[in-house]
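Trainee: pasted the sequence and its predicted model underneath.
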Amino acid sequence: MIARLSALVATTFLATASVADPLKIETYRGPADVSENPQRIAVFDVAAADTINALGVPIAGTVDGLYVDYLDDVARDATPLGTFWEPDFEGVHALKPDLIIVGSRSSDQLDNMARIAPSIDMTIDQDLVGDAVKRLRDYGRIFGKTDAAAGLEKKLDDRMSQAAQAAAGKGDVLIVMTNGPKISAYGAGGRFGWLHKDLGLPEAAPEISTATHGEAISFEFIRDADPDWLVVVDRLAAIGQPGEAAQATLDNALVQQSKAWKSGQVIYLNAADIYIAGGGVQSMIRTLDDLIAGFSRG
């Protein structure tokens, strides 16, 4: 009798243990319950795809094209599910995902996706580095990859320190994005502001508005701001559209009068990495590598 009772207790314990409590995850929309180790996931956010891929987790379905070359294998192997703004809902339904992740460009699709399968919005907000690390840790918990997540976080921390050291004492910085012949500048409050806030890069033009999408500027603005360094993002290159490249746009008599141009202290970032996949752990490390290499020349 005792043996039979012990076996029953053990069986009950195992059955109970096999039904794990859902994880409490902090999402862009607030706390959400997520089941551990979802086997089939659909991802509608490049930063999420970046970090999940870095953890070695397969992605069953995603948008038709992720823009960044280091995720070409992910896009090739996953089922194409439309675009960020116009998902293929029938395709998502047919995929039968255990979890759907939206974010940023697809954030508005959360309610529609939630009608098909458990869904979370993992948009990365204005605290890009802080949010990126939170997402990395939570993906590690969701997919049972906490050790891998910790390793990636350390790698990111190391690169942040190396980039800050490479730039220390090298002068002030103006971050600009070209869009063909048009130019915008970004301060500490803009979408690339983490380069100033988290790396300590001094601002050449502190008066730039905090608008997320930057402030339209002229070539005269660059000449008058006279930065020691120009950090450049080419939007057309990021989205694969034809048009005047950043190097050609900035190569004019007014910009040539700046200290940065005269000294050859112009860093052209991989635009897709920082503009399309910003907040993905791989994109951030790649951007930091670009900055380390660029400031090391000065």
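Mentor: Nice, I can see it.
Trainee: tell me which element the nearest residue to D125 once chain neighbours are set aside is part of?
Mentor: Excluding the flanking residues, the one nearest D125 by CB to CB, 6 or more residues apart in numbering is D131, at 5.5 Å. All C-beta atoms are positioned from the backbone trio N, CA, C, and that covers glycine. According to DSSP states H and E, D131 maps onto helix 128-142.
Trainee: show me what secondary structure element comes after that helix.
Mentor: helix 146-167.
Trainee: in that following helix, which residues are buried?
Mentor: Neighbour-count burial for helix 146-167 flags 148-149, 152-153, 156, 159-160, 162-164, 166-167 (criterion: 16 or more other CB atoms under 10 Å).
Trainee: can you put the residues you listed in CSV and add pLDDT and distance to E90?
Mentor: Shown next, in CSV, are the buried residues of helix 146-167 (pLDDT from 0 to 100; distance: CB to CB, whole Å):
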residue, pLDDT, distance to E90
A148, 98, 34
A149, 98, 33
L152, 98, 35
E153, 98, 38
L156, 98, 38
R159, 98, 41
M160, 98, 42
Q162, 98, 47
A163, 98, 44
A164, 98, 48
A166, 98, 49
A167, 97, 49
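Trainee: which one of the residues you listed is nearest P181?
Mentor: Within the buried residues of helix 146-167, proximity to P181 (CB to CB) peaks at A167, which comes in at 28.9 Å.
Trainee: now the closest one: how far from D290?
Mentor: A167 is 12 Å from D290, where distance means CB to CB, to the nearest Å.
Trainee: got it, and P242?
Mentor: In this view, P242 and D290 are 23 Å apart by CB to CB.
Trainee: ok, those two, which is more surrounded?
Mentor: Neighbours per residue, other CB atoms under 10 Å: of P242 and D290, the larger number sits with D290, 18 against 7.
Trainee: ok, the spatially closest residue to L95 that is not a sequence neighbour to F44 distance?
Mentor: Leaving aside its sequence neighbours, L95 sits nearest to G61 (CB to CB, 6+ apart; 4.8 Å). Remark: distance between G61 and F44 (CB to CB) = 9 Å.
Trainee: equivalent analysis for V281, please.
Mentor: 18 Å.
Trainee: looking at the two, which is more packed in?
Mentor: The residue with more neighbours, out of V281 and F44, is F44; 30 against 25, by other CB under 10 Å.
Trainee: give me the nearest residue to that one, chain neighbours excluded.
Mentor: S106 is the one closest to F44 (CB to CB, 6+ apart), at 3.9 Å.
Trainee: against D127, how distant is the one you found?
Mentor: Where D127 is concerned, S106 sits at a distance of 20 Å (CB to CB).
Trainee: of those two, who's got more company?
Mentor: In this view S106 and D127 are compared by other CB under 10 Å, and S106 has more residues nearby, 26 against 15.
Trainee: before we move on, back to that, which neighbours do G61 and F44 have in common?
Mentor: L81 (CB atoms under 8 Å, 6 or more residues apart in numbering).
Trainee: related to what we said a few turns ago, what about the residue nearest to L95, how many residues close to it?
Mentor: Using other CB under 10 Å, the number of residues around G61 comes to 23.
Trainee: now it: how far from T79?
Mentor: 4 Å.
Trainee: swap in G169?
Mentor: Counting by CB to CB, the gap from G169 to T79 is 50 Å.
Trainee: out of the two, which sits in the busier spot?
Mentor: T79 (17 against 7).
Trainee: looking at it, the more buried one is touching D64, isn't it?
Mentor: No. With contact defined as CB atoms under 8 Å, T79 does not count as touching D64 (9.6 Å).
Trainee: helices along the protein, start to end?
Mentor: 2-18, 46-54, 72-77, 89-95, 110-114, 128-142, 146-167, 194-197, 219-225, 235-239, 246-250, 259-262, 271-275, 281-296 (DSSP state H).
Trainee: of those helices, which is nearest S35?
Mentor: Nearest of the helices of the chain (CB to CB): helix 128-142, 8.3 Å.
Trainee: quick one: the closest one to helix 46-54, angle?
Mentor: Using axes from the mean of the first three to the mean of the last three CA atoms, to 10 degrees, the direction of helix 128-142 lies 50 degrees away from that of helix 46-54.
Trainee: tell me the domain ranges of the chain?
Mentor: Annotated domains of the chain cover 20-144, 166-296 [automatic domain parsing].
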